[in-house]
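>>> Quick one, structure for this:
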Amino acid sequence: MKQGNPIGWHFARGNAKLSGMVHAFPALCATAGVIGASATFAWGTVSPSAQLFGPTIRRTGDPSTIALTFDDGPNPAVTPSLLDLLDRHRVQATFFLIGAWVRREGSLAKDISDRGHAVGNHTESHPALTLLSPGRIAEELDRCDEAIESATAQESRWMRPPFGYRSVVLDRIVRRRGGGGVVMWSVSARDWKLQRVDRVIERLRRAQGGDIVLLHDGDHRVMNSDRGHTVAALEHWLPRWKDAGIRFVTLDQVQQHVQSGKI
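Below is the predicted model of the structure:
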């Protein structure tokens, strides 16, 4: 039997592969584009520093100040002792409250406000807002505002999205309502679950003047959660920060820097 030309066979096979790659190239580019767009979308909705879907507030605008912020309260198991600690050090903070918890603990929400702290909107039920409809987002914000105003007689100008997850329409909804803006953070204590105090202390070592610090005095899933590690870590850092000349401000006090365009 006469054998075929092995060189010609390999050449033809190589051409066929190359032709297949050429025809597949547009599809590969389209896939890469989809992956890139998805990654950009994910970054824009989750990253605290992202401004893709509207401006957020991450810093105080003053290198001599720190803004302590507390999410997921009010929590009767922790918030009272936290308020006493802040009083002892003459520190004011901002509490981003969950509407459903405010409805259950209205007197505690009022105590937060009466002690001079700012209160902000952390939605009614703490959902991830990323894929919710505009109407559903507005409902979450409205119900939380209603609960806060009923309990404290104070309007909440500031809004922090649960988990830090934003929506492409969130900024527009917040600003249309006359709010001060969406507040993120520049330092996180990552204290949302029970853990050793020294871990929270170490994470807070990064906080310095100009930072907005994310902490938690509650848990969006259950009432009466243990956040003693947060209080203990602040017992460590508050006197040290004050000795370093740091002043503590609420988001209401940061507003002048927002309006001046410094942040």
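
>>> Could you report the pLDDT at residue 119?
pLDDT recorded at residue 119 is 97.

>>> Could you list every helix and strand in contact with the helix or strand where it lies?
In this assignment (DSSP states H and E), residue 119 forms part of strand 118-121. Packing contacts for strand 118-121, counted by 3 or more C-beta pairs under 8 Å, 6 or more residues apart in numbering; DSSP states H and E, involve strand 94-97, helix 106-114, helix 134-152, strand 158-159, helix 251-260. C-beta here means a position set from N, CA and C on the backbone, and glycine is covered the same way.

>>> quick one: residue 71 from residue 134, how far?
To residue 134, residue 71 is 23 Å away according to C-beta to C-beta, to the nearest Å.

>>> who has more neighbours, the two?
residue 71 (26 against 14; other C-beta atoms under 10 Å).

>>> How about the more buried one: which residues does it bridge to?
Per DSSP bridges, the residues bridged to residue 71 are residue 96, residue 216.

>>> now the helices for this protein?
Counting by DSSP state H, one finds helices in the chain at the ranges 6-46, 79-88, 99-104, 106-114, 134-152, 170-176, 197-204, 228-243, 251-260.

>>> tell me which residues in the fifth one are buried?
Going back to what we said before, that points to helix 134-152. For helix 134-152, the neighbour count (16 or more other C-beta atoms under 10 Å) marks 137, 138, 140, 141, 143, 144, 145, 147, 148, 151, 152 as buried.

>>> for the fourth one, same thing?
Using 16+ other C-beta under 10 Å as the test for burial, helix 106-114 gives 106, 108, 109, 110, 111, 112, 113.

>>> And the shortest one, by the same measure?
By neighbour count, and taking 16+ other C-beta under 10 Å as the criterion, the buried residues in helix 99-104 are 99, 100, 101, 102, 103.

>>> Just the mean pLDDT for that helix, thanks.
So the average pLDDT for helix 99-104 ends up being 98.

>>> and if you look at the fifth one?
The predicted model gives helix 134-152 an average pLDDT of 97.

>>> do the same with the longest one
The predicted model assigns helix 6-46 a mean pLDDT of 49.

>>> With stretch 207-220 instead?
For stretch 207-220, mean pLDDT is 98.

>>> hey, C-alpha coordinates of it in CSV?
Coordinates of the C-alpha atoms in stretch 207-220 are reproduced here as CSV (Å, rounded to 0.1, in the frame of the first residue of the first chain):
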residue,chain,number,x,y,z
ALA,A,207,-7.2,53.2,61.8
GLN,A,208,-5.8,56.7,61.7
GLY,A,209,-6.9,60.3,61.2
GLY,A,210,-9.4,60.7,58.3
ASP,A,211,-10.8,57.2,58.5
ILE,A,212,-14.4,56.1,58.7
VAL,A,213,-14.3,52.9,60.7
LEU,A,214,-16.8,50.1,60.3
LEU,A,215,-17.9,48.3,63.5
HIS,A,216,-20.9,46.3,64.6
ASP,A,217,-23.0,46.5,67.8
GLY,A,218,-25.6,44.1,66.5
ASP,A,219,-26.3,41.2,64.2
HIS,A,220,-28.8,41.5,61.3
